[in-house]
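Student: can't give you the sequence, but here's the structure:
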Ligand SMILES: [Zn+2]
């Protein structure tokens, strides 16, 4: 809502300076977004003295003027009859944005250069006179900006109104708040008709409301014999000051009254209304309609229409029709001042995509008792600016529905909610300052009647908010809650997630946060097979871009896109992880399953770049080691990596990927990114990834840590080296050894895997160290040797191994 | 015979003087005190001396042996010190083997900071779904269907009844449905709005707060949030509570802090106003409490929502909020 301060002063004396005004309005809840001087665009229009006038060689009616603009002289081609030597006028320089919206440039007029423009009042929108250039008087010094010479200044506030404050979508509404802040009186415009109304409206027209639910009130007046023309300057100027374009005197009056009172009006050409009457009804399905801007629409059943005896003439509360708009020839005007249901207007406006000043106000709610004032004010102004005769009588249909609500308010409850100590009288005064009427009801109570323009006020709490707002939020004492124990809801998932994040940071990983939405083909680019549940993404009906069309079902694409972005910025050593939700659509129109996942990516070198390492590339075991380290920190034992068959994961490289499980439950996977997937994401560098389902992982974390006593007796170790088929996994052998029920085996460490000479082809050599320890005594060599041999024999038999030569 | 040990002694001292490195000292030790060393042999043969001089000769030889040992050890220490001091050593200025930690996203760090402050104030943490029912996102929070208040939050729709949550406020209703008052919770999480420009990303993060108790007030809301802002930024920072509108709170307040960049003078960051909006808040609207079946004659509450990106922007002086989700490591590694 734009508010010109000079217009505002019509309704309230503004005693504060502009800074105080901005702050005060903001602090009662009318946030001022910006303040601009509406004449600022005229800063490059300077007072100029005409020092010489010569005829234009090629045009009789044009003159060439030399104009002194203070620091220099310019040549201007001018056609004004009053241009003469010695005159001090207004010279607009190139770069000036003229009030009609054009940008002034240096031009050539019939062969002569013009370095600016000498302007009339009308051309600068400073007055009605277009007949000649401005005459500023001899006292003005050339070079002075015209705005300063004429003392022109008008601050225009742009107020960002919250949707509950429909009452402030008008000058009177804003003025009421200013009056309350200052403690001054609000001046309502005085409505007096210049001539006595004649005739009888009821004999000429009628209004019939067929949809009273959508139209609680409809008032109308008739003005006959008007002359359509441009509005007088004062009216145009008012509209321009708040960014509205003057159209003609009748339409301008409707806009002026809307800005003044908040009540949108519509003016019909009465002679274009068939049967000279109005019917308010809902549209028939697929009924066509052309709005006054010439656009054609097809309506839906249920949209509220204003019709004449035969056809629709306006989209109620949204926009008038082309068929009944005010034309130059219009002589009889029917003024509509109605109250429409906010929901109905909002639905129509949204469905058709038409947003107007009228629909904006109606969908927020207009004052149902303001219709009569507005129609009278418009009638008065129309007769004043367009002539004609006002027909006596006002049509006012359906007025019964706008009873004001009486709300009981407890002083004590108000103070308890706000934390204040206001008394009955103070609360009454605050409410009365914005036209609520309040009467005392006992010691604690007030009976409050909300004004009809405050459509947002329904309950006692709404009144308490008004009290708080007017008293001043910053006056309310600041206290601290008494925190009672109990009622805690802990979130183990959150705690667990935070430990993981800290650990990953310690392991050298950087946390990424990607958008939860992604392009619909991300699952295809991962090569997921048909029928994979992860193709069932939650689709967004109104995405901003195709890249954000669906909710992600996998985290990996986000990290691959991050990798691409970083590689393009020469950052090709990356260790990233992300924790976030994936969304799986299980059933139409039900909430999807949201699963918290974690994914990681390692690409580039194994170590941070340094002189100690000449760029060793990272591999599978680097990333696997990170996960093992993470699980150690999380104290989750029994982690197992099982080679994934190629058909189990489409986006990891066959033979180089593994399922991750704990206690036999699969919780994730790890592997090298499949070369085809790298290609699909335009990546030219190998990368290793993992993903973990944190919701499956969480229950595996131990509830508490229990410390074990340290061993009292020394350990003894024995090594074992085997030559086995290179397809046999080390884990199988480790498991076999662990499965041997031998209490003295404390741990088994793999310390070497070797392929190549002298190990025969197709074989590998693997070496274990088995640590033996007793909790009750120091072990003797003989005893250990015996156990070790038993174990070695069984492993050799199981793995069909040879011993090294 | 006494002369013999004196001669050995003198010879040893002479040789010690000449010994200039560790090897010479080792040889000297062996020559005089090794198993076949001269002093060792002398002591071994002491029994051949006449009994009356044996004790003295033995004492003397042992004294010489001790002295020699000490002198050799002193010489060794001296030589070793000289050796160590003359070593040019390594280039200590060359960088070490990198052992760098990674970094956590600024959003994570600021969320933790906010949650830590409120958990210290006795709030518990709750989390909920990001794809949400229209009911929880709007209706339970007193946003009627077809009400202009819904325009305040550009919504991503999944269907007529399902949206991407536009704020963390649905957690208010979800928690209250399951738990009886009194309660104090905060709910961090991702939220989504159909809006993208220099100051808006279609996904961002909020921390919701809710306190419901028998005797709470707008004054206590002010106290709680003032404490929060002071702990988060600075004890001296000025803040103001400004009337606003949210359908689910009444009275509603925006909380502004004095611009951290210009200290109220007006600058680009605060669009010239001198104030920065950091959070929205208010007393829980009785309709919201009634929707979850709370007794509004007994319980009142206050609620607030903090924009995490906004806070991170102010704390770290980040100038473009889109950087949060581009995951450029040059950006992320700064935190
Ligand atoms: Zn600033």
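Tutor: Yes, it's here. What you see is a predicted model; the values in this text were computed from it and never measured.
Student: Neighbours of residue A:549, how many?
Tutor: Look at residue A:549: counted by other Cβ atoms under 10 Å in any protein chain shown, it has 18 neighbours. The C-beta positions use only the backbone N, C-alpha and C, and glycine is treated the same way.
Student: same check, this time on residue B:209
Tutor: Neighbours around residue B:209, by other Cβ under 10 Å: 28.
Student: which phi and psi does it have?
Tutor: phi -130, psi 150 (degrees, to the nearest 10).
Student: That one is in contact with residue B:305, isn't it?
Tutor: Yes. In this structure residue B:209 lies within contact range of residue B:305 using Cβ atoms under 8 Å: 7.4 Å.
Student: now the residue of chain B found nearest chain A: how far from the ion?
Tutor: Nearest residue of chain B to chain A, counting by Cβ to the nearest Cβ: residue B:219, 2.5 Å away. Computed with Cβ to the ion, to the nearest Å, the distance linking residue B:219 and the ion is 28 Å.
Student: pLDDT score for the spatially most central residue of chain B?
Tutor: Using Cα atoms, centre = their mean, the residue of chain B that lies closest to the mean C-alpha position is residue B:109, 8.9 Å off. In this model, residue B:109 is scored at 97, pLDDT.
Student: and what of residue B:2?
Tutor: Looking at residue B:2, the pLDDT reads 58.
Student: before we move on, the earlier item: what is the helix or strand hosting the residue nearest to the centre of chain B packed up against?
Tutor: Using DSSP states H and E, residue B:109 falls within helix B:106-120. With contacts defined as 3 or more Cβ pairs under 8 Å, 6 or more residues apart in numbering or on different chains; DSSP states H and E, the packing partners of helix B:106-120 are strand B:183-192, strand B:203-213, helix B:218-232, helix B:308-316.
Student: Name the single longest helix found in chain B.
Tutor: helix B:54-85 (DSSP state H).
Student: Report the buried residues of it.
Tutor: B:57, B:60-61, B:64-65, B:68, B:71-72, B:75-76, B:79 (16 or more other Cβ atoms under 10 Å in any protein chain shown).
Student: Could you count how many residues lie near the residue in the stretch 51-200 of chain B that the ion sits nearest to?
Tutor: Of the stretch 51-200 of chain B, the residue with the smallest distance to the ion, taken as Cβ to the ion, is residue B:199 at 14.6 Å. By the criterion of other Cβ under 10 Å, residue B:199 has 12 neighbours.
Student: Can you tell me the closest non-neighbouring residue to it?
Tutor: In space, and not counting its chain neighbours, residue B:199 is closest to residue B:321: 6.5 Å by Cβ to Cβ, 6 or more residues apart in numbering or on different chains.
Student: ok, the one you found - contacts?
Tutor: Applying Cβ atoms under 8 Å, 6 or more residues apart in numbering or on different chains to residue B:321 gives the contacts B:198-201, B:204, B:309, B:313.
Student: Could you export those residues as CSV, including pLDDT?
Tutor: Output for those, formatted as CSV (pLDDT from 0 to 100):
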residue, pLDDT
B:198, 78
B:199, 80
B:200, 88
B:201, 94
B:204, 96
B:309, 94
B:313, 90
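Student: Just the buried ones among the residues you listed, please.
Tutor: Buried among these (16+ other Cβ under 10 Å): B:201, B:204, B:309, B:313.
Student: Could you find the closest non-adjacent residue to residue B:255?
Tutor: residue B:279 is the one closest to residue B:255 (Cβ to Cβ, 6+ apart), at 4.9 Å.
Student: which residues pair with the one you found across the strands?
Tutor: residue B:255, residue B:306 (DSSP bridges).
Student: Geometric centre of chain A: which residue is closest?
Tutor: residue A:544 (12.0 Å).
Student: mind giving me the domain ranges of chain B?
Tutor: B:2-85, B:106-332 (automatic domain parsing).
Student: any idea which of the ones you listed is most buried?
Tutor: domain B:106-332 (a mean of 20; mean count of other Cβ atoms under 10 Å in any protein chain shown).
Student: Just the terminal-to-terminal distance for that domain.
Tutor: With Cα to Cα, to the nearest Å applied, domain B:106-332 spans 8 Å between its terminal residues.
Student: likewise stretch A:398-414?
Tutor: Span of stretch A:398-414 from end to end, Cα to Cα: 36 Å.
Student: Show me which residues of it are buried.
Tutor: Buried positions in stretch A:398-414, judged by neighbour count with 16+ other Cβ under 10 Å: A:398, A:407, A:409-411, A:413-414.
Student: Also stretch A:231-247?
Tutor: A:231, A:233, A:235-239, A:241-242, A:244, A:246-247.
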